[in-house]
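Student: Model the structure of this input:
(2 chains)
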Number of protein chains: 2
Amino acid sequence: MAQRITLTDIAEQAGVSTATVSRVLNGKSNVADETRRQVLAALDVLGYERPESVDNRSRGLVGLIVPELSNPIFPRFAQEIEQLLTPSGHTPVLCTQTPGGVSEDEYIEMLVERGVSGIVFVSGRHADTTGSVTRYQRLRSRGVPLVTLNGNAPMIKAPGFTTDDRAAARMAVEHLANLGHRKIGFATGPARMVPAVRKRAGYEDAMRACCPGEDLRIAESLYTYEGGATAGTALAEQGCTGIICGSDMMALGAIKGIQSTGREVPTDISVIGYDDSPLLAMTHPPLTTVRQPVEAICRAAVSTLLAAINGEKPVDAEMTFIPDLIVRGSTAMAPGIAVLR
Amino acid sequence: MAQRITLTDIAEQAGVSTATVSRVLNGKSNVADETRRQVLAALDVLGYERPESVDNRSRGLVGLIVPELSNPIFPRFAQEIEQLLTPSGHTPVLCTQTPGGVSEDEYIEMLVERGVSGIVFVSGRHADTTGSVTRYQRLRSRGVPLVTLNGNAPMIKAPGFTTDDRAAARMAVEHLANLGHRKIGFATGPARMVPAVRKRAGYEDAMRACCPGEDLRIAESLYTYEGGATAGTALAEQGCTGIICGSDMMALGAIKGIQSTGREVPTDISVIGYDDSPLLAMTHPPLTTVRQPVEAICRAAVSTLLAAINGEKPVDAEMTFIPDLIVRGSTAMAPGIAVLR
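Tutor: Now for the predicted structure:
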């Protein structure tokens, strides 16, 4: 079964000459860093082992704390951040949480004890309006640079990078209103989390503007498939013809919940997700969703963190990124709307 | 927006009395470990912050090295292993790779330098028949217990846990043959990886048994969506009416590739995946696939690793687990088969 590595394959994949590949594999120093990385990436993509002579030297650990991996948006953030850390030579350490398992604080302690260079927090306690801020203050006072993703509570002092959640909910309501929907419901995660607060504000703004006089229909639940199923069922029974969900996982659950009431998506009820998680385009019906600009967010967060690691003083402000509405098959004209031609 | 934690909510979620919840939250010692974990898990599921007094003490790090996170089966393995490590009090550290980024060897080095208690390798170099075995030998000689998932090459001496890949491919061929297919193709990842070798052997066995005299049609590619698209197109053009894929991601790509040749799934060509990654039931058409028994594999691997960390000498053998064929909508009767009633 053994196959020989051919320099030509690697050179083609890396877009460099075979002579360059050969120099990298033999650990020669007369190769630009970027070129060397391209050759290593080609080896990795083709699944070949790197010769020991070419291994990188690490410049230190960067911790990456995410809530969990079942919602595919978190592996997506993790993969993007790790890819962006690569050229800096830092070793990413991914810390994920499971119910009853290691907590955010325990991971922070473990990372600090092991001399971490910096930490990226994705959807951590910083986004909880009832959370404590001391852990982040303590990190700062110990000189550990940090950045946060997906919403900073008002008291948090740290560079934050987030999708404009208020705009996201507004875009979703406007899309449904343009399709003739008026009874538009909002299935949200726990109200004390910053993204939920902001999405709710966007939903309320847009309902006032697009569907004046219409009731607000809000179902608060968990950001999971099961949470979405509960919220979707409740909103369907309240007569909603359109439902906006706080995450794609919730939206998939909401579709299930709606179907359990004997209604169809999108014929009877339109559903919009949030995140644009990988593989979501392949669901049935393909999910209309608001796409988080993951790459742009991660790029800004990583470059800010690396600058802070290199001694620059970061600005403790939150930077927001505009999402895109991706229209697929789970939204349609409201039932009973006459199309005039 | 702030909400008060109610003891009743937590008690209900944890399935214990409010008095027990109160004892745990106040850091009292007269609570069984398992009960304490249930209460912490309930807090986590409901998204509440744990009081500082109840944080666990870590018993040390366990490294978990996975190839990447874009294929949803790897986050699935990671989440399962982390959940199973929870009761032991170890802190899981997830190390994922990106092309050109930190390699398996660099992660090993980082973990050993930081006093790791043990390492779980998922689809690492141990599964590469052309890979070097020295890294695993060196770990053993340094006294670091390890277990591997998804295939050990013949030279590797370590406790291994894997789906029976040979049986998996055989089940897939038999399912298609029972539906009347004869021209059955096999889209596989790189031939030097152990799971690919085993699946190919199962494919060949079953083709000889079920479709004697029929040509073997094998397209070797990468385990990715794009790899599957290339292989799917090639096999469709060779006249296959059924295609077995080495991963679900390949199968999704194969469906795309097949559609690009003007054929439909499953009307013209049936497609079977492998893994049963999360969310795959929701694709269109819902994917028929061979399910890896992830939980059983992870349970055996984690308990072996923990026993080794506690000083037991592990058995250097590979344990195989039987997969399940999950029949959904991407497979159908072969075209032109008359149904006799």
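Student: can you pull the alpha-carbon coordinates of stretch A:226-246 into PDB?
Tutor: Taking C-alpha atoms only, stretch A:226-246 is exported to PDB below (Å, rounded to 0.1, in the frame of the first residue of the first chain):
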ATOM      1  CA  GLU A 226     -34.500  20.800  21.400                       C
ATOM      2  CA  GLY A 227     -34.800  24.400  22.500                       C
ATOM      3  CA  GLY A 228     -35.800  25.400  19.000                       C
ATOM      4  CA  ALA A 229     -38.300  22.600  18.800                       C
ATOM      5  CA  THR A 230     -40.100  23.800  21.900                       C
ATOM      6  CA  ALA A 231     -40.000  27.400  20.800                       C
ATOM      7  CA  GLY A 232     -41.100  26.600  17.200                       C
ATOM      8  CA  THR A 233     -44.100  24.600  18.400                       C
ATOM      9  CA  ALA A 234     -45.200  27.400  20.700                       C
ATOM     10  CA  LEU A 235     -44.900  30.100  18.100                       C
ATOM     11  CA  ALA A 236     -46.700  27.900  15.500                       C
ATOM     12  CA  GLU A 237     -49.500  27.500  17.900                       C
ATOM     13  CA  GLN A 238     -49.700  31.300  18.400                       C
ATOM     14  CA  GLY A 239     -50.400  31.600  14.700                       C
ATOM     15  CA  CYS A 240     -47.000  32.900  13.500                       C
ATOM     16  CA  THR A 241     -46.400  32.500   9.700                       C
ATOM     17  CA  GLY A 242     -42.800  33.400  10.000                       C
ATOM     18  CA  ILE A 243     -40.300  32.500  12.800                       C
ATOM     19  CA  ILE A 244     -36.800  34.000  13.300                       C
ATOM     20  CA  CYS A 245     -34.400  31.800  15.300                       C
ATOM     21  CA  GLY A 246     -31.400  32.700  17.400                       C
END
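Student: does it come close to chain B?
Tutor: No: shown here: stretch A:226-246 not in contact with chain B (Cβ under 8 Å from any Cβ of the partner chain), separated by at least 10.4 Å. (Glycine included, C-beta is placed from N, CA and C.)
Student: remind me which residues of chain A are low pLDDT?
Tutor: In the predicted model, chain A carries pLDDT under 70 at residues A:1-5, A:52-58, A:338-341.
Student: At which residues are the strands of it located?
Tutor: When assigned using DSSP state E, the strands of chain A occupy the ranges A:61-66, A:91-96, A:118-122, A:146-149, A:160-163, A:184-188, A:217-220, A:242-245, A:270-275, A:288-291, A:318-321, A:324-326.
Student: Just put those in TSV and tack on mean neighbour count.
Tutor: Formatted as TSV, the strands of chain A follow (neighbours: other Cβ atoms under 10 Å in any protein chain shown):
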stretch	mean neighbour count
strand A:61-66	24
strand A:91-96	25
strand A:118-122	26
strand A:146-149	25
strand A:160-163	24
strand A:184-188	29
strand A:217-220	19
strand A:242-245	32
strand A:270-275	30
strand A:288-291	25
strand A:318-321	16
strand A:324-326	15
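Student: Same list, those strands, but as JSON lines with distance to residue A:299 please.
Tutor: Listed next are those as JSON lines, based on distance: least, Cβ to Cβ, whole Å:
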{"stretch": "strand A:61-66", "distance to residue A:299": "15"}
{"stretch": "strand A:91-96", "distance to residue A:299": "15"}
{"stretch": "strand A:118-122", "distance to residue A:299": "12"}
{"stretch": "strand A:146-149", "distance to residue A:299": "12"}
{"stretch": "strand A:160-163", "distance to residue A:299": "9"}
{"stretch": "strand A:184-188", "distance to residue A:299": "28"}
{"stretch": "strand A:217-220", "distance to residue A:299": "33"}
{"stretch": "strand A:242-245", "distance to residue A:299": "27"}
{"stretch": "strand A:270-275", "distance to residue A:299": "18"}
{"stretch": "strand A:288-291", "distance to residue A:299": "16"}
{"stretch": "strand A:318-321", "distance to residue A:299": "10"}
{"stretch": "strand A:324-326", "distance to residue A:299": "16"}
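Student: of all these, which lies closest to residue B:36?
Tutor: With Cβ to Cβ as the criterion, residue B:36 lies closest to strand A:91-96 of the strands of chain A, at 21.4 Å.
Student: how far off strand B:91-96 does the closest one point, in degrees?
Tutor: Per axes from the mean of the first three to the mean of the last three Cα atoms, to 10 degrees, the angle that strand A:91-96 makes with strand B:91-96 is 120 degrees.
Student: Is there proximity between strand A:91-96 and chain B?
Tutor: Yes: judged by Cβ under 8 Å from any Cβ, strand A:91-96 comes into contact with chain B through A:91-96.
Student: which residues sit in contact with the residue in the stretch 101-250 of chain A positioned nearest to chain B?
Tutor: Chain B sits closest to residue A:101 of the stretch 101-250 of chain A, with a gap of 4.0 Å, by Cβ to the nearest Cβ. By Cβ atoms under 8 Å, 6 or more residues apart in numbering or on different chains, the residues touching residue A:101 are B:44, B:82-83, B:85-86, B:92.
Student: so of these, which ones are in helices?
Tutor: B:44, B:82-83, B:85 (DSSP state H).
Student: neighbour-wise, which of these leads?
Tutor: residue B:82 (27 neighbours; other Cβ atoms under 10 Å in any protein chain shown).
Student: surely that residue meets residue B:92?
Tutor: Yes: contact status for residue B:82 versus residue B:92: in contact at 4.4 Å, counting by Cβ atoms under 8 Å.
Student: anything in contact with each of these two?
Tutor: With Cβ under 8 Å, 6+ apart as the test, residue B:82 and residue B:92 both reach A:96, A:101, B:64.
Student: and of those, the nearest to residue A:296?
Tutor: Comparing those against residue A:296 with Cβ to Cβ places residue A:96 closest, at 23.2 Å.
Student: check contacts around the closest one.
Tutor: Contacts for residue A:96 (Cβ under 8 Å, 6+ apart) come out as A:65-69, A:74, B:78-79, B:82, B:92, B:94.
Student: how much space is there between it and residue B:93?
Tutor: Separation of residue A:96 from residue B:93 (Cβ to Cβ, to the nearest Å) stands at 10 Å.
Student: burial of the residue in the stretch 51-200 of chain A that chain B sits nearest to, as a residue count?
Tutor: Nearest residue of the stretch 51-200 of chain A to chain B: residue A:100, at 3.1 Å (Cβ to the nearest Cβ). Other residues within reach of residue A:100, judged by other Cβ under 10 Å, total 22.
Student: What distance do you get for it to residue B:66?
Tutor: Using Cβ to Cβ, residue A:100 is found at 22 Å from residue B:66.
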